[in-house]
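Peer 1: Give me a 3D structure for the following:
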Amino acid sequence: MQDPLVFLPGMMCDARVFAAQTTAFSPHVSVVVAPVTGGDRIEEIASRLLDGLPRRFALVGLAMGGVVAMEILRRAPDRVSRLALLNSNSLAETPQSAGDYEPMIIKLRTGGLEDAVDMVIPPDSLAPGAERGAVQGLLQDMAVHIGSKTIIRQIRAMQRRRDYQAVLRRCQVPTLVMGGAYDRLAPVKRHELLAELIPNAQLRVLDASGHLPVLEQPEEATAELFEWYQSTVPVS
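Peer 2: Numbering: from 1, shown residues only. Predicted structure coming up:
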């Protein structure tokens with residue numbers, strides 16, 4: 001293992017969302033968890049991150065972090081040695097879907113952070129079971145740490161995001177597309193589309209996970225990431 005590994009969290013999430021993965025990878029490779037909070041647009045966030053990231057790196061993006069990862073790939077394809085997109089979406093928002101974010105912004109502006117978290121990542125987008133409550137609790141805590149104003153900026157950036165299908169068709173690095181069977185925010189069909197766009201992409205759907213497999217099934221998600229990171233040639 002040589003290239004540093006860069007993790008990009010999802011909306012409302014901080015480094016704790018990748019705690020299991022950073023613990024597993026840290027003995028083997030330099031690990032960076034880079035926040036996706038530095039701008040009002042996806043392009044601005046990606047540009048600021050590139051200024052501080054290593055010259056070449058493997059890139060893992062979760063949900064909104066995956067969108068930022070696609071923008072990094074668009075801007076600096078020569079710096080990305082491999083790519084993993086987790087529970088993400090390559091499509092731009094439609095006017096209707098962009099408008100669906102507005103009630104969340106209203107909640108955040110009026111002090112309803114807890115309700116807003118459940119609107120952004122509804123409980124039923126996570127797998128059922130004993131771990132769901134713990135994941136929801138961590139989500140709430142991470143959102144408090146990030147703060148309502150920053151989350152609103154993240155939502156605005158996502159509302160304005162571009163379509164990345166053409167970028168992914170040009171991707172030539174080993175790529176993992178991973179999602180959860182219970183994820184209704186980025187459903188399996190969306191992951192299948194991502195994998196079809198990217199030459200030689202590897203698709204993995206975790207049956208006991210939803211929108212946050214790195215938290216819901218950390219051992220299985222980490223094992224998939226290790227397999228991806230250790231691959232020396234694009235997989236078919």
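
Peer 1: tell me, what residue is most central in the chain?
Peer 2: Taking C-alpha atoms, centre = their mean, the centroid of the chain lies closest to Leu62, which sits 1.3 Å from it.

Peer 1: quick one: that one and Cys13 touch, right?
Peer 2: Yes. The criterion here is C-beta atoms under 8 Å, and Leu62 meets it with Cys13 at 7.1 Å. C-beta here means a position set from N, CA and C on the backbone, and glycine is covered the same way.

Peer 1: Could I get the phi/psi values of the residue nearest to the centre of the chain?
Peer 2: Torsion angles at Leu62 (phi, psi; degrees, to the nearest 10) stand at phi -110, psi 120.

Peer 1: Contacts for the least confident helix or strand in the chain by mean pLDDT next, please.
Peer 2: Each helix and strand of the chain was given a mean pLDDT (mean pLDDT, DSSP states H and E); the minimum falls on helix 95-99 at a mean of 91. Applying C-beta atoms under 8 Å, 6 or more residues apart in numbering, the contact partners of helix 95-99 are Gln159, Arg160.

Peer 1: if we go to 10 Å?
Peer 2: Contact with helix 95-99 is made by Asn89, Leu91, Ala92, Glu93, Ile155, Arg156, Met158, Gln159, Arg160, Arg161, as judged by C-beta atoms under 10 Å, 6 or more residues apart in numbering.

Peer 1: how about the last one, what does it touch?
Peer 2: What it means is Arg161. Residues near Arg161 by C-beta under 10 Å, 6+ apart: 41-43, 64, 67-68, 70-71, 89-93, 98.
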